[in-house]
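[1] Need a 3D model of the following:
(2 chains)
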Amino acid sequence: MTLHKKLEAHLERGVVGFPTALASSVGVIMASPVILTATSGFGMGGGSFALAMVIALIMMLAQTTTFAEAAAILPTSGSTYDYIACGLGRFLAIVGTISAYLIVHLFAGTSETILSGIMALVNFEHMNSVMEAHGGSWMVGVGLVCLFGILNAFGIHVFGKVEVILTFGMWATLTIFGLAGVLEAPAVKLDSLFGSPLSFADPEAILSLVGLAMFMFVGSELVTPLAPELKNSSKTLPRAMGIGLVGVASCMFLYGMAVLRQVENTPMDPKNPNGAHLLDTPMAIPAFAEHVMGPFGRIWLGLGLLFAGGACINTLVAAVPRIIYGMALDGALPKFFAYLHPRFKTPWVGILVAVLMPTSYAIYLDGNLDSIFALVLAAVCAWGLAYILVTLSVVSLRIRRPDFPRAYKSPFFPIPQIISTVGILIAMWYIAPPGMTRADVFVPFGIILGITAIYALFWTVVVQKQNPFKPVDIETVLEEEFGKAEVLHGSSANNAAVLGSEAA
Amino acid sequence: MAVLQTMRQFWAPKQPKAYRVGATLQKVMRNLGDMQFDQQSLSHVRFASKDGTFSGELKEKIEPLLFAHTVVSEFSFSVSDRPVAPFRIDIRHGGAIKRTGLVYTVKGGNTPVTASLIRKMQVSDKVQTALMPLDFKHCQLMGDASGIRLVIEHFGGSEVVATFPAVRRYIRITPAQINCMRDASQALQKLLAAD
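    Reported below is the predicted structural model:
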């Protein structure tokens, strides 16, 4: 049987069904920045933010078909690095990978660090006032990052035993508060479901919210490596992705409606009605919880956010060092990042970097709450850049290597690629929501990206001694990953996947 | 009925989110390269080299975190068929910053036999040379009525899956590390056969 026929047969038969695909798709993340972004987004835009979320959802769906095709061509451990290296060369591969993981961690991790401390204590007034007198409640977040850094360095995994219960608890908390807020009598008189009604009079106002809305759908590409193994993947994957993303959007819509119905969006400073409003701040969340369920609700949501903050930080500190370790193995970072502690076999250098990045940046910003949205949007830019580079790589491979067998092909090529790329570029251009300027986001993102680009150029030219812009052969990457014996000319590791699944 | 079955499978909260049974195992199998595989279940496989000089078992294990989980590979090599009284010796690397040697700790069945076994391993250059470069999180020599097994949980051959941030990163096991495992299992086989 030729490889092409094997791949076709594999696509028809598959080994993974729809339930697994749906369970692997993105879920609701009760992370502090996500909740605050939803609260502020609906507060600022109302119906316009709901429309921005729908636009972001369509863009993310289009983007995931691209990721799925890339994963089908190169089901390697390097994933993003390998996709871009084969499509656009090593220089952009390093830039894209560092952008997707480390720059995102720097910005989103810092916002999580600052917010988790503030969100944890905003519900507990006494502790909050004590911490405010000693440097600020955001320092609790810095403490949490250091604590989880130490635990991970010693190979101690907290949360592990209660993972399923806590995950369900967070999802349930958000849904229960959302439903309660919608079903209870409204405390605020609204013109529409989402406060200010949808208006097309100022399209730029809607576009300026798409960047924030994209943050709701973080992780939508997580299911895509599954594509080559799915039964009837061309239909199953978009269906699982669609239901997963619509589930997230529904939960956020419910939460947004509830907050807007129960919390008056008053100016924080009555003398400055154009300044920050309550829904732009973390204080809106305990106010909402108390309004819906009284003091008990305040404690419940407070504890939920405390756990969520801790869990997010723990995940970052556990995952980022392994990404750094993997990048060192791929040759994208110096070898000392692949150092493991003799006894605990934990990547200490990576853990140190993962801890230092958000904590030092949070300290540099002095935990400034006003910088949160700039950080979140800078993270969205970093994600967006990586997404665009992966899309361009897949397009480049379609043009240069049409012969290469693909266990999954993005349907209606190149329409999804145009939708996602143009959409991301527009979202990045209109990145600043009302009250912010593009410079607030682009300056920190640009500086870090510039440093990354200089490093990537130095690394590829001086250390790797390679043409930075010459795409790497797909076969070379697959041979490195799976060994020469398994890679036939013009075949892919999908072959190994096919053989593997046949054995199973 | 199909809808009900789908709903039941989806809501069954048994495994961490985004965990795919056997996905990591398949990747380790690819790293093992030109071997013969006998799949026992989706998460358990027996493997052997084509010349029959090297064989073992491979299982994947989950370590759940919140919003994330790691999947680790546990290799198991039979190094003696001879029945023995139950014992367990934990082996780890010594050193605070650099690996300075191997540390053996008896965790069960502390008998003159285990003490003698540890002494032999300590003086065996082949065992030392094979085990020192391996990135094992856990390494145990376990004996019981079915014989003696070397069980290694290795950092290479593990995968982290996180939903926030969305990451799926597999750390491959290199050919050099696989060779070290083969050398360690063969060195122990010889050591125990000479007993």
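
[2] Identify the residues contacting B:Ala162.
    A:315, A:318-319, B:65, B:67-68, B:168 (Cβ atoms under 8 Å, 6 or more residues apart in numbering or on different chains). For the C-beta atoms, the positions are set from N, CA and C on the backbone; glycine is no exception.

[3] do whichever strand or helix holds A:Val380 and chain B meet at all?
    Assigned by DSSP states H and E, A:Val380 falls within helix A:372-400. No. Applying Cβ under 8 Å from any Cβ of the partner chain, one finds helix A:372-400 out of contact with chain B, separated by at least 9.1 Å.

[4] now could you export just the CA positions of the helix or strand just after that helix as CSV?
    Of the helices and strands lying after helix A:372-400 in sequence (DSSP H and E), the nearest is helix A:415-429. Taking C-alpha atoms only, helix A:415-429 is exported to CSV below (Å, rounded to 0.1, in the frame of the first residue of the first chain):
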residue,chain,number,x,y,z
ILE,A,415,-10.2,31.2,2.7
PRO,A,416,-9.6,30.3,6.4
GLN,A,417,-6.0,31.5,6.2
ILE,A,418,-7.1,34.8,4.7
ILE,A,419,-9.9,35.2,7.4
SER,A,420,-7.5,34.5,10.3
THR,A,421,-4.5,36.5,9.1
VAL,A,422,-6.5,39.6,7.9
GLY,A,423,-8.6,39.4,11.1
ILE,A,424,-5.5,39.2,13.4
LEU,A,425,-3.8,42.1,11.5
ILE,A,426,-6.9,44.2,11.8
ALA,A,427,-7.3,43.3,15.5
MET,A,428,-3.6,44.2,16.1
TRP,A,429,-4.0,47.5,14.2
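
[5] Below-threshold pLDDT in the stretch 201-350 of chain A: ranges please.
    A:218-230, A:233-234 (pLDDT under 70).

[6] can you give me the helices in the stretch 51-200 of chain A?
    A:80-88, A:90-97, A:104, A:110-122, A:125-133, A:138-153, A:163-183 (DSSP state H, counting those that start in this stretch).

[7] wait, which of the ones you listed is closest to chain B?
    helix A:163-183 (3.9 Å; Cβ to the nearest Cβ).

[8] Return the set of buried residues in whichever helix or strand comes after that closest one.
    On the C-terminal side of helix A:163-183, the nearest following helix or strand under DSSP H and E is helix A:203-214. Neighbour counts using 16 or more other Cβ atoms under 10 Å in any protein chain shown place A:205-214 of helix A:203-214 among the buried residues.

[9] Stretch A:426-442 now?
    A:427-428, A:430-433, A:440-442.

[10] Name the single longest helix found in chain B.
    helix B:175-193 (DSSP state H).

[11] Tell me the residue of the stretch 301-450 of chain A that sits nearest chain B?
    Here the stretch 301-450 of chain A gets closest to chain B at one residue, A:Ala311, 3.6 Å apart by Cβ to the nearest Cβ.

[12] so that residue is in which element?
    Judged by DSSP H and E, A:Ala311 forms part of helix A:284-330.

[13] just to revisit the earlier point, thought B:Phe67 was touching the residue of the stretch 301-450 of chain A closest to chain B, still the case?
    Yes. A:Ala311 lies in contact with B:Phe67 (Cβ atoms under 8 Å); the separation is 5.4 Å.

[14] State which strand of chain B is the longest.
    Assignment by DSSP state E gives strand B:147-163 as the longest strand of chain B.

[15] what are the ranges of the strands in chain B?
    So, for chain B - with DSSP E - the strands run B:35-41, B:44-49, B:55-64, B:68-80, B:87-94, B:101-108, B:136-144, B:147-163, B:166-171.

[16] Now do the last one and strand B:147-163, the angle between them.
    Per axes from the mean of the first three to the mean of the last three Cα atoms, to 10 degrees, the angle that strand B:166-171 makes with strand B:147-163 is 150 degrees.

[17] Run through chain A and note the low-pLDDT ranges.
    Judged by pLDDT under 70, the stretches of chain A that qualify are A:1-30, A:123-124, A:135, A:158-168, A:218-230, A:233-234, A:482-504.

[18] what do you get if the cut-off is 50, keeping everything else the same?
    Within chain A, the segments meeting pLDDT under 50 span A:1-4, A:6-13, A:484-504.

[19] repeat for chain B
    For chain B (pLDDT under 50), the answer is none.

[20] Any chance of the helices of the stretch 51-200 of chain A in TSV with mean neighbour count as columns?
    TSV is the format used below for these (neighbours: other Cβ atoms under 10 Å in any protein chain shown):
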stretch	mean neighbour count
helix A:80-88	28
helix A:90-97	26
helix A:104	24
helix A:110-122	29
helix A:125-133	13
helix A:138-153	22
helix A:163-183	18
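
[21] could you dump these to JSON lines with distance to A:Lys345?
    JSON lines is the format used below for those (distance: least, Cβ to Cβ, whole Å):
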{"stretch": "helix A:80-88", "distance to A:Lys345": "23"}
{"stretch": "helix A:90-97", "distance to A:Lys345": "24"}
{"stretch": "helix A:104", "distance to A:Lys345": "26"}
{"stretch": "helix A:110-122", "distance to A:Lys345": "26"}
{"stretch": "helix A:125-133", "distance to A:Lys345": "36"}
{"stretch": "helix A:138-153", "distance to A:Lys345": "11"}
{"stretch": "helix A:163-183", "distance to A:Lys345": "22"}
